[in-house]
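1. sequence first, predicted coordinates after that:
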Amino acid sequence: MYEAADQGWRVRPARMSTATVTRTAQRLAEHALTHGLDTVRVVFHGGEPLLAGVAGLEQAILAFEEAAPPGVRMELAVQTNGTLLTEPFLALFRRHGVRVGVSLDGDRDANDRHRRHADGRSSYEKAVAGVERLREPVNRAIYGGLLCTVDLANDPIGTYEALLAHRPPRIDFLLPHGNWVHPPPGLAPRAGTPYADWLITIFDRWYATPAVETEIRILDSIMSLLLGGPAGTEMLGLGPPSAVVVESDGTLEGNDALKVTDDGAATGLSVYTHALDDLLVHPAIAAARRGLDGLGPQCRACPVVAVCGGGLHAHRYAAGGGFDHPSVYCDDLFALITHVRSRLAADLLALGA
Amino acid sequence: MESPETSTPLGGGNGLIDVTRVPLEKLATLDSAPLRRLLERLTEEAERPTAEPLFAFQSVV
């Protein structure tokens, strides 16, 4: 994300101030009350959120807990690279029920491709040590899972099995952000479906197991949507995005994947001056929430649009601006979804469906 | 066609695979653990009194 078109991070504080955390918590509480929500979810993200230190994170956790109106549950989570995940942090997370996700791209070679320290040293051993502490039985309730960004240079089965060795309750495979102007690595027009092929290899390995090894969010979501159930991720389905990003200076944004577009994710709104409802009516955010009506004609006519939902909003961006194009991953999503559909259909038909 | 008592309690929705006639007792025989678990979860959600119907009525299989 630091190399994306939007370089706004360069002028923002490295760390969110206490005042901004408190104001954000108030805005969230206000939103929950306005809309009668019984649960809201907060993810401390980065950068690397553990750099705030145990005391800094505890202050943030308390700010959200204390702001929660009666009857509103704040589900807290943290997404970390794992390298600082020591017992003092884990004790804090256990006390407050904060779920922990660790970003890990597979085995040592896979992880070191992109996740190195600033001086080039490998971060793998420290990250794995953090995951091993998180795997201890006392932490079972707060182990959220592993997040892996797909890299075509890594072997899919080797990557899956390296992640599986850490016994994650869930694996989140993310497609690298990109769009028609800034294509993802290894993706060229009419040059096959490398991301689908990578994920299909994992799907075939994961789907055929007689005992559940782990959840895989993107694959579970595709299967659920094919059967008419809900999506478990914003990148699939026709439901409106439900996440808001608050930058370290209090700036409000929609999905931070928009940073890969030339227009960036900037909205001009801030927790200091605007309610979260103001973000919902911002043209860029409202456009992303229009579901089928917000898609271009090719998507609206597609037989799998209910499952892919046109893909992630940011991945539809094309030259000249605008998002009424298919996702830059269109061919890959179509290939992956139709493969999954074929497997499910065959198995369900065999049962007499 | 299976009777309502022995089929998944499904109706409504816009899924691409029709599972409204999958006999409940056969779910356990699925070889795929991920599919078995998903169907069990969706069936459980559909059976909750307040749940919206989750499953498909239109098949393109």
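-> That came through, no problem.
2. so where's chain B shaky on pLDDT?
-> B:1-15, B:48-61 (pLDDT under 70).
3. show me where it has helices.
-> Under the criterion DSSP state H, chain B contains helices at B:33-47.
4. could you report the pLDDT at the nearest residue to A:Asn81 once chain neighbours are set aside?
-> Distance criterion Cβ to Cβ, 6 or more residues apart in numbering or on different chains; nearest residue to A:Asn81, sequence neighbours excluded, is A:Ser103 at 5.2 Å. C-beta here means a position set from N, CA and C on the backbone, and glycine is covered the same way. According to the prediction, A:Ser103 has pLDDT 93.
5. count the neighbours of A:Ser103 for me.
-> A:Ser103 has 20 neighbours, counted by other Cβ atoms under 10 Å in any protein chain shown.
6. that one: what's it in contact with?
-> A:Gln79, A:Thr80, A:Asn81, A:Gly82, A:Arg115, A:Leu146, A:Leu147, A:Cys148, A:Thr149 (Cβ atoms under 8 Å, 6 or more residues apart in numbering or on different chains).
7. recalculate using a threshold of 7 Å.
-> Neighbour list for A:Ser103: A:Gln79, A:Asn81, A:Leu147 [criterion: Cβ atoms under 7 Å, 6 or more residues apart in numbering or on different chains].
8. if you rank those residues by neighbours, which is first?
-> Using other Cβ under 10 Å as the neighbour criterion, A:Asn81 leads the contacts of A:Ser103 with 23 neighbours.
9. just the CA trace of the longest helix anywhere in chain A, in PDB.
-> Criterion DSSP H: the longest helix present in chain A is helix A:330-351. Only the C-alpha atoms of helix A:330-351 are listed here, as PDB (Å, rounded to 0.1, in the frame of the first residue of the first chain):
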ATOM      1  CA  CYS A 330     -12.900 -10.300 -14.100                       C
ATOM      2  CA  ASP A 331     -11.500 -13.300 -16.100                       C
ATOM      3  CA  ASP A 332      -9.900 -14.800 -13.000                       C
ATOM      4  CA  LEU A 333     -13.100 -14.400 -10.800                       C
ATOM      5  CA  PHE A 334     -15.200 -15.900 -13.600                       C
ATOM      6  CA  ALA A 335     -12.900 -18.900 -13.900                       C
ATOM      7  CA  LEU A 336     -12.700 -19.400 -10.200                       C
ATOM      8  CA  ILE A 337     -16.400 -19.100  -9.500                       C
ATOM      9  CA  THR A 338     -17.400 -21.400 -12.400                       C
ATOM     10  CA  HIS A 339     -14.900 -24.000 -11.200                       C
ATOM     11  CA  VAL A 340     -16.300 -23.900  -7.700                       C
ATOM     12  CA  ARG A 341     -19.800 -24.000  -9.000                       C
ATOM     13  CA  SER A 342     -19.100 -27.100 -11.100                       C
ATOM     14  CA  ARG A 343     -17.700 -28.900  -8.100                       C
ATOM     15  CA  LEU A 344     -20.600 -28.000  -5.800                       C
ATOM     16  CA  ALA A 345     -23.200 -28.700  -8.400                       C
ATOM     17  CA  ALA A 346     -21.800 -32.100  -9.200                       C
ATOM     18  CA  ASP A 347     -21.700 -33.100  -5.500                       C
ATOM     19  CA  LEU A 348     -25.100 -31.700  -4.700                       C
ATOM     20  CA  LEU A 349     -26.700 -33.300  -7.800                       C
ATOM     21  CA  ALA A 350     -25.200 -36.600  -6.600                       C
ATOM     22  CA  LEU A 351     -27.200 -36.200  -3.400                       C
END
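10. give the rounded mean pLDDT of that helix.
-> For helix A:330-351, mean pLDDT is 92.
11. hmm, who's touching stretch A:21-31?
-> Contacts with stretch A:21-31, where a contact means Cβ under 7 Å, 6+ apart, come from A:40, A:42, A:60, A:63-64, A:67-69, A:72, A:246, A:250, A:271-272, A:275-277.
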